[in-house]
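Student: just need the structure, nothing else, for what follows:
(chains A and B)
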Amino acid sequence: MTGKSIYAIAKKEFLDNYRNKWIIAITIIFLILTLVISYFGVLGSEGWTDLTATISGMMFLVQWLIPIIALMLGYASIVGEKEKGSLSLLLSYPVERGEVIAGKFIGLGSVLALSILIGFGGAGLIIALNVSGIQWGEYLIFIASAILLGLVYISLAMLFSTVCNKRSTALGGSIFLWFLFAMIWGVILVGIVIANYGIDTLSNEDWTAPTWYYIISMINPISSFQLLVSLNIASISTEMPGVLPTFYTTPIIATVLILWILIPLIVAYILFQRKDL
Amino acid sequence: MNVIETRELTKQYGDVLAVKDLSLQVKKGEIFSLLGPNGAGKTTIIKALLGIIVPTRGKTFIMNHNVQEKGKVARKYVGYLPEVVSFYDNLTALQTLSFYAELQGANKQESQELLNELGLGDHATRKVGGYSKGMVQRLGIAQAIIGKPPVLILDEPTSGLDPRGAWEIRKKIRELNKEGTTIFLSSHILSEVQEVSHRVGILHHGALMALDTVDKLSKKLDLQPKIQIELQKAPKNIISYIKKIKGVRDAKIKDNILEVQCDHTVKAQIITALEDKEVGITNFTTVEPSLEEVFLKYTEE
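Tutor: Predicted coordinates:
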């Protein structure tokens, strides 16, 4: 693999997607919602609040919306080009298929990262004009975590895009993926707890969950994102209830997210190698 | 030197054998055509040549590089025009062509020159999404020849084009060949293949039915176009009158429609002769020999 081809493909992918209507809309939504949350606060009190206070309100916004735009960006990346026919042409050039996967991921990732930076960064600047003593370090960690979450979903969407032979199937798979981590995962986890320890566990405040519960919970990229933000923002981490297991540390959580990026990409690469187009 | 080679190339899709045991070589400087109807396996062969699909068995080579093992090296020498050309809607023509130039390792400056050359110069900064079909086809040719690759692989290069567009493409093919480019193309039109290529492989259900030079093929087939002329009135002696023209093989008349089998060169002469007789020509069409006739000739042997 050479950097030159990867760069060329990444640039093309960026140029083809950065003016995408979805991306522009979502950037504006990020900007406005961040300002709204900051001004009206989570409790509904009027007036500008500090960025750190805004973050806890924004976390929910991010964990629902970012996966959606990342999936929208990525689901057609391979299968869409395959259906149109432009992928055959691309692969007739002196490029390796791994370079196509890498270039597309970098290009789409850049579009998403830029959108998050402009949306949240822009809102941060406006808030900074009204509030003094902004914790920029913490805010940047929040933005970086949001980007990391977005990259996980782009990677997963690209895997679906490589496996599926139809655009519509890849879209369906992506929608399922969103529900899986945003809703189904938690429900199943609770179900397992009830099956093992009885329904009373849910109302028992003294119950401490076993290690596997924390591991399965952490594997969900949305939970990883929440943990990563919570652990690194002082005002949130001091308010976290109960005792967290010792392996809930920034390096481990960050590794989980990075593995969520790498593994789907590697699987996509392997499957793409043998694919007829 | 063999520029393109397939060795016992076989491709199976489920139960369907798209290409079976195909071995062929194309030499430097040749224009080679694969002739066959839709579904004969032309596109499959081309895609296997480029490494876009993986053969079930067999190998393909470009400039003696094995495509299945060293695809990236092999593809450096090739420009490809797919049957259905499609680009990226949000990129301008210049951005599109510069992208392909970068991948090909060609000079990006070439992009603008090439767009000018193909008559797209004024539309270089327009998004390709708004291009007409003809403009997309031109851009397709531009991307195929950027970086002047020594080998061109063209899949049905004239399909979907108007006669003038098709003529321009054939002209371009001959020009490029004169400059030394080896050309491999596929087509389902016999006359086009006869006009442009040196050698032809006739493909039937994924296998070569014949492999010959165009001259020998034409002789062997001895197929001529038929012209049908609709007349207002048909005098009795018209058949013998037409048959007197040199180059006319056969003539028939039915319900005021005169059907003449003749050499390409005498078509105009026939029309003039009919006008002299004042028979009143109301319609005129040329019927090219069909591929079915070609297959029949070969299976008869």
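Student: hmm, B:Ile271 is touching B:Ile281, no?
Tutor: Yes. Counting by C-beta atoms under 8 Å, B:Ile281 is a contact partner of B:Ile271 at 7.0 Å. For every residue, glycine as well, the C-beta is placed using N, CA and C.
Student: quick check: neighbours shared by the two?
Tutor: Any residue near both B:Ile271 and B:Ile281 by C-beta atoms under 8 Å, 6 or more residues apart in numbering or on different chains counts here, and that gives B:Ile229.
Student: what sits against whatever residue of the stretch 151-300 of chain B ends up closest to chain A?
Tutor: Residue of the stretch 151-300 of chain B nearest chain A, by C-beta to the nearest C-beta: B:Ile153 (7.8 Å). By C-beta under 8 Å, 6+ apart, B:Ile153 lies in contact with A:92, B:4, B:46, B:49-50, B:78-81, B:184-185.
Student: so which of those residues are in helices?
Tutor: Using DSSP state H, the members of these that fall in helices are B:46, B:49-50.
Student: kindly reformat the residues you listed as CSV and extend each row with neighbour count, distance to chain A and pLDDT.
Tutor: Shown next, in CSV, are the ones in helices among the contacts of B:Ile153 (neighbours: other C-beta atoms under 10 Å in any protein chain shown; distance: C-beta to the nearest C-beta, whole Å; pLDDT from 0 to 100):
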residue, neighbour count, distance to chain A, pLDDT
B:Ile46, 26, 9, 96
B:Leu49, 27, 9, 96
B:Leu50, 24, 5, 96
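Student: B:Val214 is in contact with B:Ser197, correct?
Tutor: Yes. Using C-beta under 8 Å, B:Ser197 is in contact with B:Val214, at 5.6 Å.
Student: looking at these two, which one has more neighbours?
Tutor: For the pair B:Ser197 and B:Val214, the greater number of neighbours falls to B:Ser197 (24 against 17), based on other C-beta atoms under 10 Å in any protein chain shown.
Student: OK, contacts around that one?
Tutor: Taking C-beta under 8 Å, 6+ apart, we find B:Ser197 in contact with B:31-33, B:183, B:185, B:214.
Student: so what's the residue nearest in space to the middle of chain B bridging to?
Tutor: With distances taken as C-alpha atoms, centre = their mean, the residue of chain B nearest its centroid is B:Ser187 (3.9 Å). Assessed by DSSP bridges, B:Ser187 has beta-bridge partners B:Leu35.
Student: you'd agree it is up against B:Thr158?
Tutor: Yes. Counting by C-beta under 8 Å, B:Ser187 touches B:Thr158, with 7.3 Å between them.
Student: do you know the pLDDT at residue 28?
Tutor: Using chain A. Listed pLDDT for A:Ile28 reads 92.
Student: think we crossed wires, I meant chain B
Tutor: For B:Lys28, the model assigns a pLDDT of 95.
Student: neighbours around it, how many?
Tutor: Neighbours of B:Lys28 under the rule other C-beta under 10 Å: 14.
Student: and the gap between it and A:Tyr93?
Tutor: The gap separating B:Lys28 from A:Tyr93 is 22 Å, by C-beta to C-beta, to the nearest Å.
Student: and the lowest-mean-pLDDT helix or strand in chain A, how far out from the chain middle?
Tutor: When each helix and strand of chain A is scored by mean pLDDT, DSSP states H and E, helix A:234-237 comes last, with a mean of 72. Its chain's C-alpha centre and that of helix A:234-237 lie 21 Å apart, by C-alpha atoms, centre = their mean, to the nearest Å.
Student: nearest residue to B:Gly29 in space, please, no chain neighbours.
Tutor: Leaving aside its chain neighbours, B:Gly29 sits nearest to B:Thr182 (6.0 Å; criterion: C-beta to C-beta, 6 or more residues apart in numbering or on different chains).
Student: got it, and B:Asn283?
Tutor: B:Glu230 (3.8 Å).
Student: cool, and A:Ile9?
Tutor: Leaving aside its chain neighbours, A:Ile9 sits nearest to A:Gly103 (2.7 Å; criterion: C-beta to C-beta, 6+ apart).
Student: can you report how many residues lie near the one you found?
Tutor: With other C-beta under 10 Å as criterion, A:Gly103 counts 24.
Student: what helices and strands are in contact with the helix or strand containing A:Ser230?
Tutor: Using DSSP states H and E, A:Ser230 sits in helix A:221-232. Helix A:221-232 sits against helix A:51-74, helix A:136-163, helix A:211-219, helix A:234-237, helix A:250-273, with contacts defined as 3 or more C-beta pairs under 8 Å, 6 or more residues apart in numbering or on different chains; DSSP states H and E.
Student: mind telling me which of those the model trusts least?
Tutor: Note on the helices and strands packed on helix A:221-232: lowest mean pLDDT is at helix A:234-237, with a mean of 72.
Student: who's in contact with B:Gln68?
Tutor: B:51, B:54-55, B:59-60.
Student: ok, back up a step: could I get the contacts of B:Ser197 as CSV with distance to chain A and pLDDT?
Tutor: Below are the contacts of B:Ser197 laid out as CSV (distance: C-beta to the nearest C-beta, whole Å; pLDDT from 0 to 100):
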residue, distance to chain A, pLDDT
B:Ile31, 19, 96
B:Phe32, 18, 96
B:Ser33, 19, 95
B:Ile183, 15, 97
B:Leu185, 15, 95
B:Val214, 27, 84
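Student: closest to A:Ile253 out of the residues you listed?
Tutor: Nearest to A:Ile253 among the contacts of B:Ser197: B:Leu185, at 56.7 Å, using C-beta to C-beta.
Student: name the nearest residue to the closest one, ignoring sequence neighbours.
Tutor: Nearest to B:Leu185 is B:Leu154, by C-beta to C-beta, 6+ apart, at 4.2 Å.
Student: isn't that neighbour up against B:Thr182?
Tutor: No. B:Leu154 is beyond contact range of B:Thr182, at 11.5 Å (criterion: C-beta under 8 Å).
Student: now do the residue nearest to the centre of chain B, the pLDDT please.
Tutor: 93.
Student: what's the nearest residue in the stretch 101-250 of chain A when you look at chain B?
Tutor: With C-beta to the nearest C-beta, the shortest gap between the stretch 101-250 of chain A and chain B falls at A:Gly103, namely 10.0 Å.
Student: how about that residue, what does it touch?
Tutor: Counting by C-beta under 8 Å, 6+ apart, A:Gly103 touches A:5-10, A:12-13.
Student: what does B:Thr286 give?
Tutor: Each residue near B:Thr286 by C-beta under 8 Å, 6+ apart is listed here: B:225-228, B:267.
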